[in-house]
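Asks: Got a predicted structure here, sequence first:
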Amino acid sequence: MKRSLLFSLVFLATMPIAAPAQSSLLQSGPMVGYGQMTEVMLWVQTTKPADVQFRYWNTAAPDKKLLSKKVPASADRAHVAHVLIDGLTPGNKYAYELLINGKVVPRPYALRFQTQPLWQWRTDPPEFTVAFGSCLYINETEWDRPGKPYGSDYEVLTVLASKQPDLMLWLGDNTYYREVDWHTVAGLRHRWTHTRSTPELQPILGAAHNYATWDDHDYGPNDADRSYRLRTEALENHKLFWANQTYGTDETRGVFGRFEWGDVEFFLLDDRYHRSPNLSPNDGNKTMFGKEQLQWLLDGLSSSTATFKVVANGNQVLNPSTGGETLFNYRRDYDALLRYIKENKISGVVFLSGDRHLTELVVLKDTAFYPLYDYTSSSLTAGLSSFKDADNPHVVPGTLVNDAHNFGILRFSGPRTDRVLTMECWDHTGRLRWTHEVKARELRVK
């Protein structure tokens, strides 16, 4: 019996017998979204119009339970509800449960969230773990292309959840729109509802703080760019199905945003909404990010005081290979970004990316600057690439994985004066494929 099927059967078998009618009102989730020191956003989708609430409690004081406000999950919003939990205290861990129409809907896995600690000027930065990945394809036979199913090894999500990360970063292609989905809002919503309802996905949604950007397949058609006619609707759909704290700026639309966790600042980039077509002339106007978003990133890197500045993008950023959809093919953006980082001696920059259907760690070495890393993690469940990048001298030996579905882990640890980033790659069988350690002091200009 395949593991994905086995997990589904176990999932269903462990569902509490009580309140079956209430359980039938739950479509997907609950999901934990962004988290700050005093507030957290929770997300859920129901099967029909309903009122949603959450009961939550500090795990150190389980007898003192609180109830969130009641939020309607309405048909005009795909029966999705975002529920803000505020008035919390920093540095605490909470358990919670979901109520639909006033009745508890039990879940057969842990539901938890946390508030960020107030560590500044008080203690060393907290140790924490971040999981990340890309390319989540969930089969739907009716609309899939003929032949061998493109999605497989869903158990990778179970392995991922078992690592109990504090955060989960979704790096794009977090669902795959099909031809039948591209041209209507109903199609976009159907695809997200179908993917988000995958049983193996629920535990990681319910217990880690989930943040997401996108790439082409969860934005629009393959290789979609700013010319996609439903790009505004796609953006609103992304905001509906995720729970980041911010999207774009007042002046510039998109899914890009920044947030801090401990002494790390994360920059989520939008490589689609403002992107020039791939085949447009490389004449100095071709852009992946658009002038405004790129300036937002440069300003953000300059203003950040974080030990590590993690820049996450759907496409690879550093890889100088012209194969695929790398930033190198958009030389104005590529040159401007690297030049700015080096000229301003910005410390601690690390890149994350997806898209390639293979995993690898790319490093650019410069004798006048510190090594710049781009950790590409792909694919979670979508078809694997046979490309080996064998002739690319920038790939760290031993980090290429293209024979198994996988995900990445970042572990931030150590005292304030000696912070360490440990990068790991895990596959769908639970095997650790490689690990690479980088000290914060190694990511500074000497």
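Replies: Nice, thanks for sending it over.
Asks: So, low pLDDT: which residues of the stretch 1-150 of the chain?
Replies: Residue ranges of the stretch 1-150 of the chain with pLDDT under 70: 1-22.
Asks: and with 80 instead?
Replies: Within the stretch 1-150 of the chain, the segments meeting pLDDT under 80 span 1-23.
Asks: Now do the domain split for the protein, please.
Replies: What automatic domain parsing lists as the domains of the chain is 19-114, 128-443.
Asks: Of the ones you listed, which stretch is the most buried?
Replies: Among these, ranked by average contacts under mean count of other Cβ atoms under 10 Å, first place goes to domain 128-443 (a mean of 19). Glycine gets a C-beta too; all of them are placed from N, C-alpha and C.
Asks: Distance from that one to the middle of the chain?
Replies: Offset of domain 128-443 from its chain centre (Cα atoms, centre = their mean, to the nearest Å): 7 Å.
Asks: and Q120, which of the domains of the chain is closest to it?
Replies: Nearest of the domains of the chain to Q120, taken as Cβ to Cβ: domain 128-443 at 8.8 Å.
Asks: what residues are up against I409?
Replies: Counting by Cβ atoms under 8 Å, 6 or more residues apart in numbering, I409 makes contact with T129, V130, A131, F132, K163, P165, M423, E424, C425, W426.
Asks: hmm, try it at 7 Å
Replies: Residues near I409 by Cβ atoms under 7 Å, 6 or more residues apart in numbering: T129, A131, K163, P165, E424, W426.
Asks: between the residues you listed, which is closest to G248?
Replies: Using Cβ to Cβ, A131 comes nearest to G248 of those, at 24.9 Å.
Asks: Name the nearest residue to that closest one, ignoring sequence neighbours.
Replies: Spatial nearest neighbour of A131, chain neighbours left out: P165 (3.9 Å); criterion: Cβ to Cβ, 6 or more residues apart in numbering.
Asks: how about that neighbour, phi and psi?
Replies: Taking degrees, to the nearest 10, you get phi -70, psi 150 for the backbone angles of P165.
Asks: Okay, it and Q293: tell me how far apart.
Replies: Applying Cβ to Cβ, to the nearest Å, the value for P165 to Q293 is 27 Å.
Asks: likewise A75?
Replies: Using Cβ to Cβ, A75 is found at 34 Å from Q293.
Asks: Tell me where this protein has helices.
Replies: Here the chain has its helices, by DSSP state H, at 3-13, 20-23, 155-162, 185-196, 202-207, 231-241, 291-303, 331-343.
Asks: S280 contacts K286, correct?
Replies: Yes - with contact defined as Cβ atoms under 7 Å, S280 counts as touching K286 (5.4 Å).
Asks: and T46, what does it touch?
Replies: T46 neighbours (Cβ under 7 Å, 6+ apart): L25, L26, Q27, V52, A73, H79, I100.
Asks: For the helices of the chain, give me CSV that also has distance to K309.
Replies: Shown next, in CSV, are the helices of the chain (distance: least, Cβ to Cβ, whole Å):
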stretch, distance to K309
helix 3-13, 37
helix 20-23, 43
helix 155-162, 24
helix 185-196, 30
helix 202-207, 25
helix 231-241, 24
helix 291-303, 6
helix 331-343, 9
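Asks: For S276, which of those helices is the nearest?
Replies: Nearest to S276, of all the helices of the chain, is helix 331-343, at 9.7 Å by Cβ to Cβ.
Asks: Rounded mean pLDDT for that closest one, please.
Replies: The average pLDDT within helix 331-343 is 97.
Asks: what's the distance between W214 and R178?
Replies: Distance, W214 to R178, using Cβ to Cβ: 16 Å.
Asks: One more: P126?
Replies: According to Cβ to Cβ, P126 stands 41 Å off from R178.
Asks: again with Y340
Replies: According to Cβ to Cβ, Y340 stands 39 Å off from R178.
Asks: show me the contacts for the closest residue to G383 other than its chain neighbours.
Replies: Distances taken as Cβ to Cβ, 6+ apart place Y150 nearest to G383, at 5.0 Å, with adjacent residues excluded. For Y150, the contact set (Cβ under 7 Å, 6+ apart) comprises Y137, N139, D144, A382, G383.
Asks: which residues touch T47?
Replies: By Cβ under 7 Å, 6+ apart, T47 lies in contact with S24, L25, Q27, H79.
Asks: try 8 Å this time
Replies: Counting by Cβ under 8 Å, 6+ apart, T47 touches S24, L25, L26, Q27, H79.
Asks: Closest one of those to T246?
Replies: Among the contacts of T47, H79 lies closest to T246 (Cβ to Cβ), at 24.2 Å.
Asks: The closest one contacts L25, doesn't it?
Replies: No - when contacts are counted by Cβ atoms under 8 Å, H79 is not listed as touching L25 (9.2 Å).
Asks: Which neighbours do these two have in common?
Replies: Among the neighbours of H79, those also in contact with L25 (Cβ under 8 Å, 6+ apart) are T46, T47, K48, A50.
Asks: Just the ones in strands from those residues, please.
Replies: Among the shared contacts of H79 and L25, the members found in strands (DSSP state E) are T46, A50.
Asks: Which members of the shared contacts of H79 and L25 are the farthest-apart pair?
Replies: The most widely separated members of the shared contacts of H79 and L25, counting by Cβ to Cβ, are T47 and A50 (8.1 Å).
Asks: so what sits against both of the two?
Replies: Jointly contacting T47 and A50 under the rule Cβ under 8 Å, 6+ apart are L25, H79.
Asks: Give me the pLDDT for S321.
Replies: 81.
Asks: residues touching the residue nearest to it when sequence neighbours are not counted, list them.
Replies: Leaving out its chain neighbours, the residue that sits closest to S321 by Cβ to Cβ, 6+ apart is N392, at 5.6 Å. Neighbour list for N392: N319, S321, V362 [criterion: Cβ under 8 Å, 6+ apart].
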